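Visitor: Pasted the sequence and its predicted model underneath.
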Amino acid sequence: MSDLLAIGTPARRGTWPAARLALGTASALGLARFAYGLLLPAMRDELHWSLAEAGAMSAANGLGYLLGALVTAVVVRRLGTAVTFRWGMVLTALALAVTATSDAYSVLLAARAAAGVAGAAVFVTGGVIASRLAARAASGTPITVYFAGAGLGIVVAGAGIPPLGDHLHLAWAGLGVAAGLAALLSWTAARADEEAQVGEEAQAGEEAQAGGEAQAATAGRVHVRPLWGIALAYLLFAAGYITYITFLSAYLADRHAPLGQVVLTWTALGLAVVAAPALWSRPTAEWPGTRALAVLLGLLGGGAALAMAAPAPPVILASAILYGATFMGVPAAVTALIKANTPPADWTATLAAFTTIFAGGQTAGPWLAGLVADHTSTAAALAWTAILCAAAAVIAAFANPSRRAGAGSAEKTPDAEASTRW
């Protein structure tokens with residue numbers, strides 16, 4: 001296989017490892033985070049949860065993701081990027097399997113948080129490896145393929161979980177098996193990172209890598225105040241987008257949607273996520289100012305409102321497709337705006353600050369929306385997404401970031417373009 005790949009173009013040689021790396025986003029996001037929404041209706045009914053308690057499970061995963069993002073740099077310095085990616089995949093699968101072993105609320109909360117921690121390690125390190133593949137291939141294709149993996153995980157969960165009905169333990173075990181298989185198939189994909197550190201100047205390269213990663217978490221100044229409008233829009237988006245996918249199946253269940261509709265809705269949503277990076281890469285890079293961000297947020301809010309306006313199957317399907325095709329584009333647009341309006345030396349620190357803002361919104365959103373839905377209906381969770389994303393779109397449209405000296409003048413490398421945080 002290596003001989004066959006060697007005779008291809010650099011871009012093609014980077015695509016196959018990136019496709020296997022994409023199993024990382026499929027597992028960390030598609031299976032470990034988003035698939036929970038498919039199981040929420042059965043868990044609510046069988047375990048007698050309120051919607052606030054159900055939303056707290058998603059919040060625990062978001063909090064775990066934040067903690068994982070904070071500790072990943074430390075783990076990478078000790079173990080290396082490739083090893084962290086591999087064992088993050090294993091731990092993600094184990095966390096999903098543990099969820100199948102108990103009905104105790106505290107155990108499930110801990111398992112969801114653990115899945116968030118491990119998933120963050122996978123997502124961050126996989127992004128680093130994908131960006132190195134892109135640099136060697138002189139192509140952005142490996143990065144696009146890597147981020148599209150989240151949609152693949154949603155498709156697998158959407159096709160596999162609904163037919164299991166109320167068999168919660170079997171469904172969680174199935175997710176664990178799928179994540180374990182993803183860990184096995186992606187195991188050698190991280191070899192690209194190891195190969196980059198051997199050969200000529202290997203020792204110096206390792207030292208520079210360790211030093212660069214050690215400084216990356218703290219280097220540079222944080223620029224949130226000049227970007228306050230974008231930061232506020234991002235916070236509202238984080239609190240809003242996650243509630244749609246968390247409560248979508250509960251909304252369908254309350255309307256007695258047939259099995260076929262649930263499967264079709266989720267698989268279509270996942271396929272839209274797969275297409276989203278390619279769909280929005282050019283507008284994000286070329287549209288002036290905050291236009292791309294405002295359009296993405298407006299479409300996202302409109303997609304959520306669409307499902308409430310006319311809850312007929314074709315309309316809900318259109319809503320899911322619109323949601324899937326836009327929500328992955330928002331962090332990419334925010335990342336591009338940060339890089340266009342801050343000096344390159346401050347990119348990492350500012351992106352880290354925005355990651356914290358995002359994680360805070362993502363953690364609080366499902367629980368707060370669940371509280372509201374407990375006093376109204378599951379439609380309130382979709383309304384939550386529509387209102388917050390529409391408000392974020394208005395704020396983004398009028399945001400006028402203060403351009404810093406030297407911002408945007410540096411060449412955009414594949415590593416820089418790959419640093420979208422989730």
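Guide: In hand now; what should we look at? Residues are numbered from 1 along each chain as shown.
Visitor: domains for this protein, by residue range?
Guide: 1-217, 221-422 (automatic domain parsing).
Visitor: Can you classify Asp222 by secondary structure?
Guide: Just so we're on the same page, residue 222 is Val rather than Asp. The three-state label given to Val222 by DSSP: H, G, I helix; E, B strand; the rest coil is coil.
Visitor: My read is that it contacts Trp347, right?
Guide: No: contact criterion C-beta atoms under 8 Å: Val222 and Trp347 do not qualify, at 10.7 Å. Where you see a C-beta, it was placed from the backbone N, CA and C, and this is true even at glycine.
Visitor: just checking, what packs against the strand or helix carrying Leu236?
Guide: Secondary structure from DSSP states H and E places Leu236 in helix 228-254. Packing partners of helix 228-254 (3 or more C-beta pairs under 8 Å, 6 or more residues apart in numbering; DSSP states H and E): helix 36-47, helix 51-79, helix 259-286, helix 291-309, helix 313-326, helix 329-341, helix 347-374, helix 379-398.
Visitor: who does the third one touch, helix- and strand-wise?
Guide: Counting contacts by 3+ C-beta pairs under 8 Å, 6+ apart, the secondary-structure elements packed against helix 259-286 are helix 141-160, helix 228-254, helix 291-309, helix 313-326, helix 329-341.
Visitor: Show me what the shortest one is packed up against.
Guide: If you count contacts as 3+ C-beta pairs under 8 Å, 6+ apart, helix 329-341 packs onto helix 228-254, helix 259-286, helix 291-309, helix 347-374.
Visitor: Rebuild the ones you listed as a markdown table, extending it with mean pLDDT, mean neighbour count and distance to Pro17.
Guide: A markdown table is the format used below for those (pLDDT from 0 to 100; neighbours: other C-beta atoms under 10 Å; distance: least, C-beta to C-beta, whole Å):
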| stretch | mean pLDDT | mean neighbour count | distance to Pro17 |
| --- | --- | --- | --- |
| helix 228-254 | 93 | 25 | 29 |
| helix 259-286 | 91 | 19 | 17 |
| helix 291-309 | 93 | 23 | 29 |
| helix 347-374 | 86 | 22 | 25 |
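Visitor: what's the closest of these to Thr188?
Guide: Relative to Thr188, the nearest member of the helices and strands packed on helix 329-341 by C-beta to C-beta is helix 259-286, separated by 22.9 Å.
Visitor: so that closest one versus helix 141-160, what angle?
Guide: Going by axes from the mean of the first three to the mean of the last three C-alpha atoms, to 10 degrees, helix 259-286 is angled at 160 degrees with respect to helix 141-160.
Visitor: Run the chain-centre distance for helix 259-286.
Guide: Here helix 259-286 is found 13 Å from its chain centre; the criterion is C-alpha atoms, centre = their mean, to the nearest Å.
Visitor: orientation of that helix relative to helix 329-341 in degrees?
Guide: Per the same axes, to 10 degrees, the angle that helix 259-286 makes with helix 329-341 is 10 degrees.
Visitor: Could you check the angle helix 259-286 makes with helix 313-326?
Guide: Using the same axes, to 10 degrees: helix 259-286 against helix 313-326 is 30 degrees.
Visitor: Now for the closest residue to Ala183 other than its chain neighbours: which residues touch it?
Guide: For Ala183, ignoring the flanking residues on the chain, the nearest one in space by C-beta to C-beta, 6 or more residues apart in numbering is Met89 at 3.7 Å. Met89 makes contact with Leu23, Gly24, Ser27, Ala118, Val122, Ala179, Ala182, Ala183, Ser186, Trp187, according to C-beta atoms under 8 Å, 6 or more residues apart in numbering.
Visitor: Of these - the most surrounded one?
Guide: Neighbour counts for these peak at Ser27, which has 35 neighbours (criterion: other C-beta atoms under 10 Å).
Visitor: Using TSV, please lay out the helices and strands packed on helix 228-254 together with distance to Gly160.
Guide: Shown next, in TSV, are the helices and strands packed on helix 228-254 (distance: least, C-beta to C-beta, whole Å):
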stretch	distance to Gly160
helix 36-47	9
helix 51-79	20
helix 259-286	9
helix 291-309	23
helix 313-326	17
helix 329-341	26
helix 347-374	23
helix 379-398	24
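Visitor: and Ala239, which of those is closest to it?
Guide: With C-beta to C-beta, the closest approach to Ala239 among the helices and strands packed on helix 228-254 belongs to helix 347-374: 3.5 Å.
Visitor: now for the closest one, which elements pack on it?
Guide: Applying 3+ C-beta pairs under 8 Å, 6+ apart, we find helix 347-374 packed against helix 51-79, helix 228-254, helix 329-341, helix 379-398.
Visitor: quick one: which of those is nearest Leu152?
Guide: helix 228-254 (15.3 Å).
Visitor: Give me the angle between that closest one and helix 329-341.
Guide: 170 degrees.
Visitor: Now do helix 228-254 and helix 36-47, the angle between them.
Guide: Inter-element angle recorded for helix 228-254 and helix 36-47: 50 degrees (by the same axes, to 10 degrees).
Visitor: ok, Asn61 touching Gly116?
Guide: Yes: shown here, Asn61 and Gly116 form a contact pair, counting by C-beta under 8 Å, at 4.2 Å.
Visitor: what sits in contact with each of these two?
Guide: Common contacts of Asn61 and Gly116 (C-beta under 8 Å, 6+ apart): Ala32, Arg33.
Visitor: worst average pLDDT in the domains of the chain?
Guide: Lowest mean pLDDT within the domains of the chain: domain 1-217, at a mean of 82.
Visitor: Output the helices and strands packed on helix 347-374 as TSV; include the columns distance to Leu168.
Guide: TSV is the format used below for those (distance: least, C-beta to C-beta, whole Å):
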stretch	distance to Leu168
helix 51-79	13
helix 228-254	13
helix 329-341	31
helix 379-398	21
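Visitor: right, so of those, which gets closest to Pro366?
Guide: helix 51-79 (3.7 Å).
Visitor: any idea how far the helix or strand following that closest one is from the chain center?
Guide: Under the assignment DSSP H and E, the closest C-terminal helix or strand after helix 51-79 is helix 81-99. Put simply, helix 81-99 sits 16 Å off its chain's centre (C-alpha atoms, centre = their mean).
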